[in-house]
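Dropping the sequence and predicted coords here.
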Amino acid sequence: MRVKLERSGGFANVHRSVTVDAATLAPSRAAELHRLVAAADLGKFPENPTPLAGRPDRFTYQLTVEDGGASHTATVSEDVATEDLQRLVDWLQATAEG
Amino acid sequence: MAQRTHCTAGFDPIACILPPHILRAIIERGTPQQRAWALQTLAVSERIRGRRELLGDIATASAIASAGEQRTVYDVKKGSRLPGTPARSEGNPPTKDAAVNEAYDGAGATYDLYHDVYGRNSIDDRGMPLVSSVHYRVGYDNAFWDGSQMVYGDGDGKIFQRFTKAVDVIGHELTHGVTQYEAGLEYADQAGALNESFSDVFGSLVKQRSLGQTAKQADWLIGAGLFTAAVNGKALRSMAAPGTAYDDPLIGKDPQPADMTHYVQTADDNGGVHINSGIPNRAFYLTAMAIGGNAWEKAGKVWYVTLRDRLRPKSDFKGAATLTVAVAKELFGARSTVARAVSDGWAKVGVL
């Protein structure tokens, strides 16, 4: 499983992109990634949500999960992100940046 | 925990929700700190219950409790549940936590600009308590106004340092609150870029006034000091020269245009609200430089009155330009230097 996170918006509007590949992780960390992705339930977020007026200075997250030939992308505004999705985002950033 | 048990001075509105009539009594007769707490509790409990009928009470209570600024800074302790634990309330001495003190002082400097120069009584002009939360999440690269309070991250330490380090960021976030209560500019496309620009303008004015700088002495940068030493950049945005704030291998180049010929059409960033804001930002800079002296006195006054009285949720750049020129003429005279400076400023960036 490979997970790519693209972060845009925010006060700074500085784009950040990180990719984490489960194949490069220790087994326990890879299992953790699988658990976090399952909990985030990305299927319920559309790839291209209807553009709406946003909330000031919040991030937009675009998450792409590739797993066994299948790929799914979800685009989520921070102000509607669930706690489970935020946990995945924080974990990806922390893991990619060491 | 006696405070919570007796529901008299605790700070946790969820653990302790008093009936509104008691909260109002505290707001009318309590000490400034008790009033701030009761007001916050009334506002939060209203939000939790999803009830709208108390709004009138809050407005009245706010008007009663408008005896000066009421700041409270909370510590979220790297979590996400707002507002967190109280760390410093109005009148309390500094703590050992720099982020707490910066959030407190920055909220004060912003309150003072709006109050002393424009006669505004806090964000809502009804004495709304200023609530800030610091240490939000882990390595969080952002600051935002959530509709009722300010929230600051510590930064990841690699690109960004803590967001309270720059007083203009604090002024920027609080101004999103002012805009919400006044023009209500939609956060998309040109209206959104105006929303961003007004936040940058008043954020910069908070900084200039707190440093006692004239328009010529000011750096006109937004977020100077937020980048770590590893980043090749002086700030996040430059109002004087949009597009020149940073150029770095890791984060790229400042994408802001300086005039309408370089306007960026994009679906990202809510239609480029942090990108095209460079155009109205520079119009303000040019206006303030042409007038000279302290930017907050004349240029700032024109922009403030326009934000408060004239702009509408869907205003665009041209609408904002026309309105600021009209306000400048009303405030300073049709043939005044100020009115001419405003109209020249917008002309130079290609809006008028």
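Happy to help now that I have it.

Sketch out the strands for chain A, chain order is fine.
A:2-9, A:16-21, A:59-67, A:70-77 (DSSP state E).

what's the closest of those to chain B?
strand A:2-9 (5.3 Å; Cβ to the nearest Cβ). Heads up, the C-betas are built off the backbone N, CA and C, glycines and all.

Just want the angle from the closest one to strand A:70-77.
Put simply, strand A:2-9 runs at 20 degrees to strand A:70-77, going by axes from the mean of the first three to the mean of the last three Cα atoms, to 10 degrees.

Give the partner strands of strand A:2-9 in its sheet and their orientations.
The pairing partners recorded for strand A:2-9 under DSSP bridges are strand A:16-21 (antiparallel), strand A:59-67 (antiparallel).

tally of neighbours for residue A:89?
Using other Cβ atoms under 10 Å in any protein chain shown, residue A:89 has 22 neighbouring residues.

Residue A:28 - how many residues pack around it?
Other residues near residue A:28 come to 7 when the count uses other Cβ under 10 Å.

okay, it: pLDDT?
Listed pLDDT for residue A:28 reads 96.

cool, residue B:48 as well?
At residue B:48, the predicted lDDT confidence score is 47.

what's the answer for residue B:289, then?
At residue B:289, pLDDT is 98.

Do I have it right that it meets residue B:217?
No. Under the criterion of Cβ atoms under 8 Å, residue B:289 makes no contact with residue B:217, lying 11.2 Å away.

When these two are compared, which one has more neighbours?
Using other Cβ under 10 Å, the more surrounded residue of residue B:289 and residue B:217 is residue B:289, with 18 against 10.

Let me know the secondary structure of that one.
helix (DSSP: H, G, I helix; E, B strand; the rest coil).

and the residue lying farthest from the centre of chain A, what does it touch?
Counting by Cα atoms, centre = their mean, the extreme residue of chain A relative to its mean C-alpha position is residue A:53, 21.4 Å from that point. Counting by Cβ atoms under 8 Å, 6 or more residues apart in numbering or on different chains, residue A:53 makes contact with B:186-188, B:192, B:270.

quick one: low-confidence parts of the stretch 151-300 of chain B?
Nowhere does the stretch 151-300 of chain B drop to pLDDT under 70.

What's the local residue count around the residue of chain A found nearest chain B?
Per Cβ to the nearest Cβ, the residue of chain A with the smallest distance to chain B is residue A:13, at 3.7 Å. Number of residues near residue A:13 (other Cβ under 10 Å) recorded here: 23.

Residue in the stretch 251-352 of chain B with the shortest distance to chain A?
residue B:274 (3.7 Å).

separation between that residue and residue A:60?
12 Å (Cβ to Cβ, to the nearest Å).

Spit out the residues that contact these two alike.
residue A:9.

When the two are compared, which one has more neighbours?
Comparing residue B:274 with residue A:60 by other Cβ under 10 Å, the one with more neighbours is residue B:274, at 27 against 20.

Alongside chain A, which residues does the stretch 201-350 of chain B contribute?
B:223, B:226, B:236, B:251-252, B:255, B:267-271, B:273-275 (Cβ under 8 Å from any Cβ of the partner chain).

For the stretch 201-350 of chain B, which segments count as strands?
Taking DSSP state E, counting those that start in this stretch as the test, the strands found in the stretch 201-350 of chain B are B:221-222, B:237-238, B:247-248, B:252-253.
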